[in-house]
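Asker: Below are the sequence and a predicted model; questions follow.
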Amino acid sequence: MYFNHYTNRPVELAVLLVNTGQGGSDQIAEADDLNQLLEGYRDLWAGVAQPPKASELEAIRQLRDSLRTVMLSSDNATAAGHVNAILNDYGAVPRVSMHSGEPHLHFEPVNGTMTSWLGTTTAMGLAAVIVEDGVDRFGACSASDCDDVYVDTSRNRSRLNCSTTCSTREAVAAHRRRKDEAESK
C-alpha cells in the first residue's frame with residue numbers, strides 16, 4: 001500500500017526504530033548501531049539533518065518509546081494526541097522543499113539535529129497513516145515470543161504478525177499442536 005510521500009519510508013523507519021528496543025535488548029546501544037540503522041535512510045536526511053551523535057542516543061530511545069505508544073494507541077484520538085506531542089517536542093515546522101528538484105513538504109527544522117529530524121519525520125509518517133487509514137493499520141505481533149510492531153498494508157487489514165518469520169513459526173506451532181492433539185486421541 002502506498003500512503004504518500006511522507007509515509008512509506010518514514011513509517012518503515014518508525015517501525016524499524018521502535019523494534020530496536022524489543023525482545024529485551026537494545027539494538028541501538030552504541031552510536032555505531034544508530035549510524036548503521038540510519039544509513040539506509042541517508043537519502044532522506046542527508047542535507048536536511050546533521051549526522052547522528054552519540055550524545056543523542058538517550059533522546060532517540062525516548063523517541064522510540066513515544067513512537068511505540070502511538071502505534072499501540074487504541075483509538076485515533078489517543079494516537080493523534082501522542083503524535084501531536086511528538087511533533088511539538090521535536091519542532092515540526094511545515095515548509096515546501098525543492099532540494100530534490102520537485103516541490104514536496106518537509107516538517108523538520110532546517111539543519112536540525114538527527115533527533116529532531118527523526119522525531120519529526122517518523123511522527124509525520126505515523127500521522128499520515130492515522131489520517132488516511134486510522135490506527136487499525138498499526139499492530140503488535142501476535143506471536144507468543146515477539147512484541148515487535150508493524151503497519152498493516154494488506155487490503156483487508158488482516159495482518160497478525162510483524163514478519164513472515166513470526167507468521168511461519170506460529171503456523172508451524174499450531175500445526176504441531178493440532179497433530180499432537182489428534183495423535184493423543
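Answerer: Now that the structure is in, tell me what you want to look at.

Asker: nearest residue to A140 other than its sequence neighbours?
Answerer: Distance criterion C-beta to C-beta, 6 or more residues apart in numbering; nearest residue to A140, sequence neighbours excluded, is V149 at 5.4 Å. Every C-beta, even on glycine, is put in place using the N, C-alpha and C of the backbone.

Asker: Tell me which residues touch that neighbour, please.
Answerer: Shown in contact with V149 (C-beta atoms under 8 Å, 6 or more residues apart in numbering): 15, 18-19, 22, 68, 71-72, 138-141, 162.

Asker: Among those residues, name the ones in strands.
Answerer: Using DSSP state E, the subset of those located in strands is 138-140.

Asker: so G119 touches I86, yeah?
Answerer: Yes: between G119 and I86 there is a contact under C-beta atoms under 8 Å: 5.7 Å.

Asker: higher neighbour count, those two?
Answerer: Looking at G119 and I86 with other C-beta atoms under 10 Å, you find the greater number of neighbours at G119, namely 26 against 21.

Asker: and that one, that's in a helix?
Answerer: Yes: using DSSP: H, G, I helix; E, B strand; the rest coil, the assignment for G119 is a helix.

Asker: Who are the contact partners of it?
Answerer: Contacts of G119 (C-beta under 8 Å, 6+ apart): 63, 66, 86-87, 89-90.

Asker: got it, and S163?
Answerer: By C-beta under 8 Å, 6+ apart, S163 lies in contact with 141, 148, 150.
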